[in-house]
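In: A structural model of the following input is requested.
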Amino acid sequence: MANYTVADIQALRERTGAGMLDVKKSLDEADGDLDKAVDILRIKGLKGVSKREGRSASEGLVITHIGTVGDGQVGTLIELNSETDFVAKSDKFVALAQSVLAAIVAVDAADVDGALAAPLGGKTVKEIIDENAGVLGEKILLRRVARVAAPVVVDYLHKTNKDLPAQVGVLVGSDAKAADVARDVAMHIAAYSPLYLTRDEVSADVVANERRVAEETSRNEGKPEAALPKIIEGRMNGFYKENVLVEQAFAKDPKTTVGKVVEATGGAVVGFARFRVGA
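Out: The predicted structure is shown next:
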């Protein structure tokens, strides 16, 4: 007869986030010893890391950190993915995200490669993630890392499901004058997902492609040749209004733009980052 109870099963699931079947098997093998069962889950899980590499990890969370550096601030945003929302909302996964973020901040990592190499608990972030993947029985992936440095940095985290951790994360960097509207801008970015801060950030290749699409679309619609230049410019302006932050209609007042709201403060937004889990 198994030397453990239903309460032991629940305790091990809460402790590790592992699935019911894996928990029962580990308890059987450990003769009910919870600590040994945890080790068994880790060992078996680590052996299966390579098998999980091809699996999809589209759930997870976003988390931020803002610290003071010199006369300004630096914000760090990460996206940590799991395969299921069950793991994503587990205490163990949330704690992992927090420790990974702290390790990344400690070494000022600005990309995934630098973040995975960061030291954590005598190992690297990658090794710690792999160990936790073994216990949780799922592929765990540090998908993205972003840093925003500015005189003032604010963050905004949004839950798309009240039962899950934040799925959308935003950092906004501004000067001191624009600080009062920075959080409103961050909330706007969360909702409207701009790709660029200004037109100047749009690469020449992207502009050329958008112009090509605008011209081909106009010709296919049978627009008069003489009207094409004006129509193309109109469609390009539409592209900018949809994708450039300062040209987007402001979420809290669509009669104005984000750029005008910021300009009214006499300040400026200098950068932003936005992640949506799995997107």
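In: With only the CA atoms kept, save stretch 138-147 in CSV.
Out: Extracted C-alpha coordinates of stretch 138-147, given in CSV (Å, rounded to 0.1, in the frame of the first residue of the first chain):
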residue,chain,number,x,y,z
GLU,A,138,7.3,21.2,-19.1
LYS,A,139,9.4,23.2,-21.5
ILE,A,140,10.4,26.5,-19.8
LEU,A,141,11.7,29.2,-22.1
LEU,A,142,13.2,32.6,-21.4
ARG,A,143,11.9,34.1,-24.6
ARG,A,144,12.6,37.8,-24.5
VAL,A,145,14.5,40.4,-22.5
ALA,A,146,14.3,44.2,-22.9
ARG,A,147,15.9,47.2,-21.1
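In: ok, residues contacting it?
Out: Contact with stretch 138-147 is made by 52-53, 55-57, 60, 74-84, 87, 93, 96, 100, 104, 108-112, 114-116, 125, 129-130, 132-133, 171, 273, 275, as judged by C-beta atoms under 8 Å, 6 or more residues apart in numbering. Placement of C-beta: from N, CA and C, glycine included.
In: I'd like the mean pLDDT over the strand or helix carrying residue 147, please.
Out: Assessed by DSSP states H and E, residue 147 sits inside strand 141-150. Mean per-residue pLDDT for strand 141-150: 97.
In: List the contacts of the helix or strand following it.
Out: Using DSSP H and E, the helix or strand that directly follows strand 141-150 along the chain is strand 152-158. Strand 152-158 is contacted from outside by 62-64, 66, 72-75, 77, 166-176, 178-179, 182-183, 186-187, 189-190, using C-beta under 8 Å, 6+ apart.
In: Next, the contact list for residue 169, please.
Out: 62-64, 77, 79, 155-158, 274-275.
In: re the thing from before, counting only helices, which of the contacts of stretch 138-147 make the cut?
Out: Among the contacts of stretch 138-147, the members found in helices (DSSP state H) are 52, 87, 93, 96, 100, 104, 112, 114-116, 125, 129-130, 132-133.
In: So which of the residues you listed is the closest to residue 20?
Out: Residue 20 lies nearest to residue 87 out of these, by C-beta to C-beta, at 13.0 Å.
In: Kindly state the domain boundaries assigned to the chain.
Out: Here the domain parsing of the chain from automatic domain parsing is 6-47, 59-199+245-276, 203-243.
In: Please identify the deepest-packed of the ones you listed.
Out: Most buried of the domains of the chain, by mean neighbour count (mean count of other C-beta atoms under 10 Å): domain 59-199+245-276, with a mean of 19.
In: For the strand holding residue 147, which strands pair with it and how are they oriented?
Out: Its sheet considered, strand 141-150 pairs with strand 72-82 (antiparallel) by DSSP bridges.
In: Kindly provide the whole-number mean pLDDT of the partner strand.
Out: pLDDT averaged over strand 72-82 gives 97.
In: starting at the chain centroid, how far to that strand?
Out: With C-alpha atoms, centre = their mean, to the nearest Å as the basis, strand 72-82 stands 7 Å off its chain's centre.
In: got a pLDDT number for residue 218?
Out: The per-residue confidence score, pLDDT, reads 89 for residue 218.
In: Point me to the helix or strand that includes it.
Out: Taking DSSP H and E as the criterion, residue 218 maps to helix 204-220.
In: name the helices or strands packed onto the helix or strand that that helix is followed by?
Out: Later in the chain than helix 204-220, the nearest helix or strand by DSSP H and E is helix 228-243. Helices and strands touching helix 228-243, by 3 or more C-beta pairs under 8 Å, 6 or more residues apart in numbering; DSSP states H and E, are helix 204-220.
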